[in-house]
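Colleague: Give me coordinates for this.
(chains A and B)
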Number of protein chains: 2
Amino acid sequence: MTELRQNLITRDWVVIATERSKRPDEFSKDSARICEPIPTYRENCPFCEGNEHLTGIECARLCDDRGWRVRSVVNKYPAFSPEEAFLRQGGNIYRAMSGFGFHEVIIEHPRHDANIANLPIADVANVLQMYRQRYTVMRRDSRVSAIIIFKNHGKGAGTSLEHPHSQIAAMPIVPYQLRLRTREAVRHFDDHGECLFCRTLHEELAAQERIIYESEYFVAFIPYAALSPFHTWIFPRRHVSSFENITEAEIFDLAENLKTVLSKLYIGLNNPDYNYTIRSIPTDEHKTGYFHWYLAIVPRVSLAAGFEMGSGMFINTALPEESAEFLRSIEIPATFEMSG
Amino acid sequence: MTELRQNLITRDWVVIATERSKRPDEFSKDSARICEPIPTYRENCPFCEGNEHLTGIECARLCDDRGWRVRSVVNKYPAFSPEEAFLRQGGNIYRAMSGFGFHEVIIEHPRHDANIANLPIADVANVLQMYRQRYTVMRRDSRVSAIIIFKNHGKGAGTSLEHPHSQIAAMPIVPYQLRLRTREAVRHFDDHGECLFCRTLHEELAAQERIIYESEYFVAFIPYAALSPFHTWIFPRRHVSSFENITEAEIFDLAENLKTVLSKLYIGLNNPDYNYTIRSIPTDEHKTGYFHWYLAIVPRVSLAAGFEMGSGMFINTALPEESAEFLRSIEIPATFEMSG
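Modeller: Modelled structure (predicted):
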């Protein structure tokens, strides 16, 4: 028995295939993995404290009396660079644009073995502060059309550097995916006079079936049509279109919420590889009634193959309600947090 | 220096990032890999000749005097099944549909070590015959809205079974990806009075920069905005919307073309993992002026990560023109073909 569910926000259909399903803990990585000790410092790591000369140009740093806490540096292989021209070519079937924009790496902590899951909340909040600062600076450039923030955790999620870091990319075009989602959000607003994301959050809070964790300003839940096991969304309760407008109080609350969810994934699935991304409206639109920023987490516990390529649909072998129940049940021991 | 290119058929933007680029042969897999001898038969393989009792219900077979050459059997874990109801649920934000449809595995050859790259053309043609036959049967059911054919080759491409096989899935909804592409194709037709795919093929043949291989009825080329290194399209020269309408002569020609391209990938990149898919119009539309079926191949030589998740865009570290030149230059020795 399978069920198809449609994600109203992305419009994608997902096949929920429970006959293939495993118990939630069977998605966990080999238990050997969690025991690998990560050192606090590596001599050749460009992101470790003391090796600052190994990174590219530093764009910003947050400091306290211990030294820097978070740094943002130019990506060594930028997808977008302010040194590129801002040139668009069209008119025939070959459409191109030079790679103008910004692409920075945010070094989340001086220590090599830090992890958002077990950092103190204040340190996670520093990372989010840096996200907001860099977002705000990049958006000021009128040639920028869209900004995404993302993190690759672990080799299976596409990172080659072990030191904890995220990335922020500001690009000169609106990605088609974002165009489509914005268009669908506008259509929902026009049809129903409400924000589709607010409505989704409202329904999820009423149903409670897929909620993982609630904090004062944020709600973490598994989407009804999750595209893979433990695919998670963290929505702000307040309607706001761009991450840039997150408040100080919301930053601390999101730090606590994100840390909690990532801790549950770490403990429940044995430190899985994952990606997360913060999705905002295209920068030209900014404040709207129809779009709502959010953070999406995808643990890499399944592989997209020919079916996904051919249809754009995903086969999810876990029931979203069961994934949420499993993560709700995970307790985080007080000893889990790294001592600062 | 990076360049953004837009794929007019998918509307996706791709970042061509040549500073990260490798030489074409550096995408090749570890050379140890090609030497692993695959046996002609495995006792516990459900797809090997003699083990037919280990598969699910057989839906069709092609035979000659040597026995069966290709079989199509019900997928052990079907995403879609004719035993499911045909029920759609909507009206609120939770849209669902039961998993009605068909999902079969096409066993490409009796031998465990067969590979489309080195099978005789007649054997490859048998596989394509079976694709067409199953497509035709499934389309007759009016509850089917879309059919995709796909293949996962190698563990990195998501297959767990070594014996060569493909899959065909007939589903009760039109995937959003296919809806969008159809819509964009209609728009191009309305704006320009031509098929966007025919136009693309015309331009590619004129430019010759990205062509890999031309045969009588098909052209293999790297898309201008290829989403990853060696992403390849094989287009029929004749305008036709659905794979179902492929002719007998075209089947033999496609067999030769596909085999050639896969041989070049096998030799040039050391038997890479890959997915391919055959894309046709939704079954309700069938014969149209605007949509053109094609086969897409994606070798798994790069990994999608947070950037791709957050933007829907891909970063391609290879220049499509160079990838095409490399594949054009690969010679296929006469000894490469498996003896039947």
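Colleague: partner strands of the host helix or strand of A:E3, parallel or antiparallel?
Modeller: Element membership for A:E3, per DSSP states H and E: strand A:2-6. Using DSSP bridges, strand A:2-6 pairs in its sheet with strand A:13-17 (antiparallel), strand B:95-98 (antiparallel).
Colleague: which stretch among the ones you listed comes nearest A:E26?
Modeller: strand A:13-17 (14.8 Å; C-beta to C-beta). No exception for glycine: its C-beta is placed from N, CA and C like everyone else's.
Colleague: Which residues are in contact with the spatially closest residue to A:L128 that is not a sequence neighbour?
Modeller: Among residues not flanking A:L128 along the chain, A:I251 sits closest, at 4.9 Å (C-beta to C-beta, 6 or more residues apart in numbering or on different chains). Contacts for A:I251 were tallied using C-beta atoms under 8 Å, 6 or more residues apart in numbering or on different chains; they are A:A125, A:L128, A:Q129, A:R132.
Colleague: Likewise for A:V105?
Modeller: By C-beta under 8 Å, 6+ apart, the contact list for A:V105 reads A:F47, A:T55, A:S72, A:V73, A:V74, A:N75, A:K76, A:H165, A:S166, A:Q167.
Colleague: and chain B, which of those residues reach it?
Modeller: Residues of the contacts of A:V105 in contact with chain B (C-beta under 8 Å from any C-beta of the partner chain): A:Q167.
Colleague: Now, of the contacts of A:V105, which are buried?
Modeller: If you count burial by 16 or more other C-beta atoms under 10 Å in any protein chain shown, the buried members of the contacts of A:V105 come out as A:F47, A:T55, A:S72, A:V73, A:V74, A:N75, A:H165, A:S166, A:Q167.
Colleague: quick one, phi psi at the fourth one?
Modeller: When read as degrees, to the nearest 10, the backbone of A:V73 gives phi -130, psi 160.
Colleague: isn't A:S263 right next to A:N118, touching?
Modeller: Yes. Using C-beta atoms under 8 Å, A:S263 is in contact with A:N118, at 6.9 Å.
Colleague: Could you tell me which residues touch both of these two?
Modeller: With C-beta under 8 Å, 6+ apart as the test, A:S263 and A:N118 both reach A:F336.
Colleague: most tightly surrounded among the strands paired with strand A:2-6?
Modeller: Comparing those by mean neighbour count (mean count of other C-beta atoms under 10 Å in any protein chain shown), strand A:13-17 ranks first with a mean of 24.
Colleague: Can you give the distance of it from its chain's centre?
Modeller: Here strand A:13-17 shows a centroid-to-chain-centroid distance of 22 Å under the convention C-alpha atoms, centre = their mean, to the nearest Å.
Colleague: now do stretch A:204-211
Modeller: 21 Å.
Colleague: Tell me where the stretch 1-150 of chain A has helices.
Modeller: A:32-35, A:121-139 (DSSP state H, counting those that start in this stretch).
Colleague: What is the longest one packed up against?
Modeller: Looking back up the chat, that one is helix A:121-139. For helix A:121-139, the elements it packs on are strand A:58-64, strand A:67-74, strand A:102-107, strand A:146-153, strand A:165-171, helix A:248-269, judged by 3 or more C-beta pairs under 8 Å, 6 or more residues apart in numbering or on different chains; DSSP states H and E.
Colleague: Tell me which residues are up against that helix.
Modeller: A:59-60, A:62, A:69-70, A:72, A:101-102, A:104, A:106, A:108-109, A:114, A:116, A:144, A:147, A:149, A:166, A:168, A:170, A:242-244, A:246, A:251-252, A:254-256, A:258-259, A:278, A:280, A:283, A:340.
Colleague: Now the buried members of these.
Modeller: By 16+ other C-beta under 10 Å, the contacts of helix A:121-139 give A:59, A:69-70, A:72, A:101-102, A:104, A:106, A:108-109, A:114, A:116, A:144, A:147, A:149, A:166, A:168, A:170, A:242-244, A:246, A:251-252, A:254-256, A:258-259, A:278, A:280, A:283 as buried.
Colleague: Tell me the one among the buried ones among the contacts of A:V105 nearest to chain B.
Modeller: A:Q167 (7.0 Å; C-beta to the nearest C-beta).
Colleague: Local confidence estimate at that closest one?
Modeller: pLDDT recorded at A:Q167 is 98.
Colleague: re the thing from before, now, which of the contacts of A:V105 sits nearest A:H202?
Modeller: Nearest to A:H202 among the contacts of A:V105: A:S166, at 29.9 Å, using C-beta to C-beta.
Colleague: surely the closest one meets A:I148?
Modeller: No. In this structure, A:S166 is not within contact of A:I148 by C-beta under 8 Å, at 10.7 Å.
Colleague: Contact residues of the stretch 51-200 of chain A facing chain B?
Modeller: Checking the stretch 51-200 of chain A against chain B by C-beta under 8 Å from any C-beta, the hits are A:77-81, A:84, A:92-99, A:146, A:148-152, A:157-159, A:167, A:169, A:171-173, A:175-178, A:180, A:196, A:199-200.
Colleague: List only buried entries from those residues.
Modeller: Judged by 16+ other C-beta under 10 Å, buried ones among those: A:78-81, A:84, A:93, A:95-99, A:146, A:148-152, A:157-159, A:167, A:169, A:171-173, A:175-178, A:180, A:196, A:199-200.
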